[in-house]
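K.L.:
Task: produce atomic coordinates for the following.
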Amino acid sequence: MSKKMLFAFLVIMSLMVLTACGGYSKDDGSTASAEGEADTAVNDSATSAETGNATGNATYKLRLGHQSPEATNIHEYAVLFKNLLEEKTDGEVQVDIFPFRQLGTDRELLEAMQFGTLDFGVINGPPISGFAPETAVVDLPFLFRNWTHVKGFLDSDVRDDYLELTESANLKNMGIMARGFRHITNSKKPLETTEDVKGMTIRVIESPVYVNAYKELGASPQSMNWGDAYTALEQKAIDAQENTMDIIHDENVAEVQDYVSKTGINFVFSFIMASKMEFDKWPEHIQEAVLEAAYEAGQEMTELNEHNESEFEEKLKAKGMEINDFDRNQFEGKFEKTYEAWNKVHGDNLLKKIQEIQ
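P.N.:
A predicted model of the protein is given here:
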């Protein structure tokens, strides 16, 4: 074989290998791998089916990851943001969505955004505190009085102060979706007073704020991932867990627990975030469109989640779960140590601003 033929053969083979890698590209020439059958399947189904107003000629082809299945409000939030952004930019921006841990868990997505290898993520609240500890202020127990208080926070200047907390971690927090109050489920009896929580072994989110709050109530909180928690509930190794109504329904808690008590000790949020490194590179009109889309998606999903909360209650009743109201005023003064510990480390400036919202 001549040297010219050999050179041509090697060039062709190199191009074939690069094509097979299935990376994505931006117009600035950077690449990020989306290798593997699972990622390719998402690219072919979820993202291609949700192209919105984007075209194949989009100037900015951006990726968004989240860790939840497609049949969740997390994915719905991502799709709404994508469609709004593509519409606002007349297809100049295309967002490809990678759901269900295709690009990693919340922590891995946050790390990827920090280093500029991922553009967007829809992230649940507690993991963010590992990168910006003061963001856990919204996880404090008995902080939000009701949905009106929550929506007042989302419409206030305090929201902007809160979103800025992640900037020093090279993360751009842009939009907030209120998901709902977290309620306790168990298989022993309806919870009527705070005394009923004492001695209860309960699975909570892996967050020091959650753990400290339930310890103050005299419970025995156990931090564990959901897969392990469900097995423990099934085997009666733990008594209870706490979650939003939609998660209680979607995760089939009715198959292993009998009662839902509307304790609402904590409220949970999810966030649309971006790599600050990447965000700062985009022209001003793209930045403005991204911020507008994130805000509007959060507001629309918040209204939907509030509406759907009662619908999920009815679905749980239909599955045989008994649901009872709980007088949340009983929690007044029950979490003093948790708040003292918080104020000692972070101060109470932002906390008071949130509490004072009417």
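
K.L.:
if I pick the closest residue to residue 257 other than its chain neighbours, what's in contact with it?
P.N.:
Once flanking residues are discounted, residue 257 sits nearest to residue 185: 4.3 Å by C-beta to C-beta, 6 or more residues apart in numbering. C-beta: built from backbone N, CA, C; applies to glycine. By C-beta atoms under 8 Å, 6 or more residues apart in numbering, the contact list for residue 185 reads 240, 241, 242, 243, 248, 253, 257, 259, 260, 261, 321.

K.L.:
One more pass at 6 Å, please.
P.N.:
Listed by C-beta atoms under 6 Å, 6 or more residues apart in numbering, the contact set of residue 185 reads 241, 253, 257, 260.

K.L.:
Just say helix, strand or coil for it.
P.N.:
strand (DSSP: H, G, I helix; E, B strand; the rest coil).

K.L.:
now do residue 123
P.N.:
strand.

K.L.:
That one and residue 111: what is the separation?
P.N.:
11 Å (C-beta to C-beta, to the nearest Å).

K.L.:
So if I had to pick from these two, which one is more boxed in?
P.N.:
Using other C-beta atoms under 10 Å as the criterion, residue 123 and residue 111 rank with residue 123 on top: 27 against 16.

K.L.:
quick one: contacts for that one?
P.N.:
Neighbours of residue 123 in contact, by C-beta under 6 Å, 6+ apart: 106, 271, 273.

K.L.:
again, only this time at 8 Å
P.N.:
Here residue 123 is in contact with 66, 106, 109, 110, 270, 271, 273 (C-beta under 8 Å, 6+ apart).

K.L.:
Residue 228 versus the first one, what's the distance?
P.N.:
Meaning residue 66. 21 Å.

K.L.:
Hmm, residue 191 and residue 184 touching each other?
P.N.:
Yes - with contacts counted by C-beta atoms under 8 Å, residue 184 reaches residue 191, the gap being 6.0 Å.

K.L.:
between these two, what contacts are shared?
P.N.:
By C-beta under 8 Å, 6+ apart, the residues touching both residue 184 and residue 191 are 197, 261, 263.

K.L.:
circling back: which one of residue 66 and residue 228 is surrounded by more residues?
P.N.:
Set residue 66 next to residue 228 and count neighbours by other C-beta under 10 Å: residue 66 wins out with 29 against 13.

K.L.:
Find the residue closest to the more buried one in space, skipping its chain neighbours.
P.N.:
residue 122 (4.0 Å).

K.L.:
Quick check: phi and psi on residue 357?
P.N.:
Dihedral pair for residue 357: phi -70, psi 130, per degrees, to the nearest 10.

K.L.:
Leaving out chain neighbours, which residue sits closest to it?
P.N.:
Nearest one to residue 357, counting by C-beta to C-beta, 6+ apart, is residue 152 at 4.5 Å.

K.L.:
Kindly report the same for residue 224.
P.N.:
residue 203 is the one closest to residue 224 (C-beta to C-beta, 6+ apart), at 5.8 Å.

K.L.:
Need the phi and psi values for that neighbour.
P.N.:
Torsion angles, degrees, to the nearest 10, at residue 203: phi -80, psi 130.

K.L.:
Please name the residues that touch it.
P.N.:
Contacts of residue 203 by C-beta under 8 Å, 6+ apart are 221, 222, 223, 224, 229, 232, 233, 238, 240, 241, 242.

K.L.:
Try it again at 10 Å.
P.N.:
Contacts for residue 203 (C-beta atoms under 10 Å, 6 or more residues apart in numbering) come out as 185, 214, 221-226, 228-230, 232-233, 237-243.

K.L.:
buried subset of those?
P.N.:
Using 16 or more other C-beta atoms under 10 Å as the burial test, those include 185, 214, 221-222, 224, 229-230, 232-233, 238-243 as buried.

K.L.:
now, which of these lie within helices?
P.N.:
214, 229, 230, 232, 233 (DSSP state H).

K.L.:
For the nearest residue to the second one once chain neighbours are set aside, give the beta-bridge partners.
P.N.:
What sits nearest to residue 229 in space, not counting adjacent residues and going by C-beta to C-beta, 6+ apart, is residue 203, at 4.1 Å. When bridges are called by DSSP bridges, residue 203 pairs up with residue 222, residue 241.

K.L.:
do residue 261 as well
P.N.:
residue 184, residue 324.

K.L.:
Just confirm it contacts residue 191, I think it does.
P.N.:
Yes - here residue 261 reaches residue 191: they are 3.7 Å apart, a contact under C-beta atoms under 10 Å.

K.L.:
any residues in contact with both of these two?
P.N.:
Contacts common to residue 261 and residue 191, judged by C-beta under 10 Å, 6+ apart, are 183, 184, 185, 197, 240, 324, 326.

K.L.:
re earlier: for the residue nearest to residue 357, what is the enclosing helix or strand?
P.N.:
helix 147-154 (DSSP states H and E).

K.L.:
for that helix, what is the average pLDDT?
P.N.:
Mean per-residue pLDDT for helix 147-154: 98.

K.L.:
Convert the helix or strand harbouring residue 177 to PDB, retaining C-alpha atoms only.
P.N.:
Assigned by DSSP H and E, residue 177 belongs to strand 171-186. C-alpha atoms of strand 171-186 as PDB (Å, rounded to 0.1, in the frame of the first residue of the first chain):
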ATOM      1  CA  LEU A 171     -23.200  27.900  40.100                       C
ATOM      2  CA  LYS A 172     -25.900  30.100  38.700                       C
ATOM      3  CA  ASN A 173     -29.200  29.500  40.500                       C
ATOM      4  CA  MET A 174     -32.000  31.000  38.300                       C
ATOM      5  CA  GLY A 175     -35.400  29.500  38.900                       C
ATOM      6  CA  ILE A 176     -37.400  28.000  41.800                       C
ATOM      7  CA  MET A 177     -40.200  25.400  41.700                       C
ATOM      8  CA  ALA A 178     -42.100  25.000  44.900                       C
ATOM      9  CA  ARG A 179     -42.900  21.300  45.200                       C
ATOM     10  CA  GLY A 180     -44.800  21.000  48.400                       C
ATOM     11  CA  PHE A 181     -45.000  20.300  52.100                       C
ATOM     12  CA  ARG A 182     -43.500  17.000  53.300                       C
ATOM     13  CA  HIS A 183     -45.800  14.800  55.400                       C
ATOM     14  CA  ILE A 184     -45.100  11.700  57.500                       C
ATOM     15  CA  THR A 185     -46.400   8.300  56.600                       C
ATOM     16  CA  ASN A 186     -46.400   5.300  58.900                       C
END
